[in-house]
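Peer 1: Here you go, sequence then predicted model.
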Amino acid sequence: MLSVDTATDQLRIGTGATTVEFGCYGTSTAITSGMGFAQTGFVVSSYTMSGNVTRYGKHVVGSGSLAIVSVTSAGTAGNLITFNSSGLHFPAVATQRCVGSYVFQDASSTFVWAGALIMTAAGDMGMYGAQGSNGAIGIAPSIGLAASDTVWFSISYHMA
């Protein structure tokens, strides 16, 4: 029997009593909220978010951008900046860390940083650059999150 699970957009094949995931049409899910930055001392008032996540069977692709509009308090420079995707449309990753890329614009200095985006099992994504042995952005270089900072991201991974 061939069937489609319309709730998850998965193509399934089986006997009727049991089925296995066969593939996915790859319907995109828009990202408009639920994502943000975290850094010691940082409290955001508002931000804009756009992007999408698409799942093709067990392969997940996501990209988008997040811009800080206003803050209650700026982040403390010298502390790791984490890009938080918990509770979003990214399917959970239980046993592996996913890698993507980011471009981060620090509005106060007009510098643009780029590097690897590493997702933890919890869904948070740390931003890492190529500076030093601990190239975590926010630590090296020392950046504090503030209004008008923007990140563009892309992540692609295979679920276990």
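Peer 2: That came through, no problem.
Peer 1: check contacts around the residue of the chain most remote from its centre.
Peer 2: Here the centre of the chain is the reference, and by CA atoms, centre = their mean the most remote residue is T15, at 37.1 Å. When contacts are counted by CB atoms under 8 Å, 6 or more residues apart in numbering, T15 touches M1. Glycine gets a C-beta too; all of them are placed from N, C-alpha and C.
Peer 1: I'd like to know how far it sits from D5.
Peer 2: In this structure, T15 and D5 are 16 Å apart, going by CB to CB, to the nearest Å.
Peer 1: Same check on S156?
Peer 2: Look at S156 and D5: by CB to CB, they are 23 Å apart.
Peer 1: cool, and T18?
Peer 2: Counting by CB to CB - T18 and D5 are separated by 13 Å.
Peer 1: I'd like the next helix or strand past the lowest-mean-pLDDT helix or strand in the chain.
Peer 2: Lowest on mean pLDDT, DSSP states H and E among the helices and strands of the chain sits strand 19-24, with a mean of 63. Following strand 19-24 in sequence order, the next helix or strand is strand 28-30 (DSSP states H and E).
Peer 1: So which elements touch that following strand?
Peer 2: When contacts are defined as 3 or more CB pairs under 8 Å, 6 or more residues apart in numbering; DSSP states H and E, strand 28-30 packs onto strand 43-56.
Peer 1: Which other helices and strands does the strand it packs on contact?
Peer 2: Applying 3+ CB pairs under 8 Å, 6+ apart, one finds that strand 43-56 contacts strand 19-24, strand 28-30, strand 36-38, strand 59-73.
Peer 1: quick check: mean pLDDT across it?
Peer 2: Averaging pLDDT along strand 43-56 yields 86.
Peer 1: between that strand and strand 59-73, how many degrees?
Peer 2: Interaxial angle, strand 43-56 versus strand 59-73 (axes from the mean of the first three to the mean of the last three CA atoms, to 10 degrees): 170 degrees.
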